[in-house]
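Asker: Turn this into a model:
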Amino acid sequence: MTNKIDIHYCTGCRWLLRSAWMAQELLTTFEGEISELSLHPGTGGIFEVWVNDHRIWSRKDDGGFPEITKLKQLVRDQIAPGRSLGHSDSKT
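Answerer: Sure, this is the predicted structure:
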């Protein structure tokens, strides 16, 4: 199965580095399950993460940026349900 992730971020807010870091974390964690990951520059304070054309995070709707462990869990739930994320699944 092919899984596509899109990260939309605001250039005016200078969120490229945050977006690139999250992309790197996702590509490392889901090395065999992601076939494509794209960064999409935008404006207006946008920060959204989409998996297979399904939005899983919106900064405006979800109240800020996701913790990386939360983002990995959300991605996992879409592309590899039931897969353990090890320490990322631990309750805090």
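
Asker: Now do the helices in this protein.
Answerer: 16-29, 59-62, 68-79 (DSSP state H).

Asker: now the ones you listed in a markdown table, with distance to Trp50 and mean neighbour count?
Answerer: The way it works is simple: take the backbone N, C-alpha and C, and place the C-beta from them, glycine included. As requested, the helices of the chain are exported to a markdown table (distance: least, Cβ to Cβ, whole Å; neighbours: other Cβ atoms under 10 Å):
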| stretch | distance to Trp50 | mean neighbour count |
| --- | --- | --- |
| helix 16-29 | 12 | 15 |
| helix 59-62 | 13 | 14 |
| helix 68-79 | 10 | 17 |
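
Asker: looking at those, which is closest to Val49?
Answerer: Closest of these to Val49 is helix 68-79, at 6.6 Å (criterion: Cβ to Cβ).

Asker: Contacts for the closest one, please.
Answerer: Helix 68-79 is contacted by residues 1, 3, 5, 22, 25-26, 29-30, 33-34, 49, 51-52, 54, 56-57, 66, 83, 85, 88-89 when judged by Cβ atoms under 8 Å, 6 or more residues apart in numbering.

Asker: Gly64 versus Ile79, what's the distance?
Answerer: 23 Å (Cβ to Cβ, to the nearest Å).

Asker: again with Leu17
Answerer: 17 Å.

Asker: Tell me how far the residue lying closest to Gly12 once chain neighbours are set aside lies from His8.
Answerer: Leaving aside its chain neighbours, Gly12 sits nearest to Thr43 (5.4 Å; criterion: Cβ to Cβ, 6 or more residues apart in numbering). Distance, Thr43 to His8, using Cβ to Cβ: 10 Å.
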